[in-house]
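> The amino acid sequence is not available; the structure is as follows:
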């Protein structure tokens, strides 16, 4: 499918190393990732296996969208499938442990807080969105978002995400999302849950 000049497609398994690199680079200064992996010098290296795990789960249980240049990605989960099955948790656990190391308890705490705030009504869930820093501002993020929000409008289905940066809220508002609640992680950063009703 094509969104403006950006062509969107489902990512292939062979795209995962490049997409993990894209996500690791785009989340280097993310408040959540700085809290989970505070070592600036090693954050990129530690994030690579984390995002490889996330990409694998999303490809098997949801949709991983990218562009023809593999310069950005969106990890979407369809209605009723946002919670990872036990087999997927076990499959991705070694990579997550390798990424977070001694900060694993912080990661588990974050999951509990985010899961408690997650809406239970049917919706498409935008779990992760990232564009390579060198390609930001060229419409890649918009393309991989609207590929699903357009479907949401056709099927009259809401969408949901969490923003870990206050400055990203206006960006998501452009696509019809609005802040539903704040999730303050004890001892950590704040996330903003955002909801989108179908147009």
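Received, thanks. Only a predicted model underlies this, so the values are computations on that prediction, with no experimental measurement involved. Residues are numbered from 1 along each chain as shown.

> how far is the helix or strand containing residue 151 from where the chain is centred?
Taking DSSP states H and E as the definition, residue 151 sits inside helix 140-155. Offset of helix 140-155 from its chain centre (CA atoms, centre = their mean, to the nearest Å): 15 Å.

> residue ranges for the strands of this structure, please.
2-3, 6-10, 63-67, 72-77, 124-131, 159-163, 177-184, 190-196 (DSSP state E).

> Now render those strands as JSON lines, adding mean neighbour count.
Placement of C-beta: from N, CA and C, glycine included. Converted to JSON lines, the strands of the chain look like this (neighbours: other CB atoms under 10 Å):
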{"stretch": "strand 2-3", "mean neighbour count": "14"}
{"stretch": "strand 6-10", "mean neighbour count": "17"}
{"stretch": "strand 63-67", "mean neighbour count": "23"}
{"stretch": "strand 72-77", "mean neighbour count": "26"}
{"stretch": "strand 124-131", "mean neighbour count": "22"}
{"stretch": "strand 159-163", "mean neighbour count": "22"}
{"stretch": "strand 177-184", "mean neighbour count": "14"}
{"stretch": "strand 190-196", "mean neighbour count": "20"}
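
> Now mean pLDDT and distance to residue 16 too, for these, in TSV please.
Shown next, in TSV, are the strands of the chain (pLDDT from 0 to 100; distance: least, CB to CB, whole Å):
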stretch	mean pLDDT	distance to residue 16
strand 2-3	56	22
strand 6-10	95	12
strand 63-67	97	8
strand 72-77	98	10
strand 124-131	97	13
strand 159-163	98	21
strand 177-184	96	27
strand 190-196	97	25
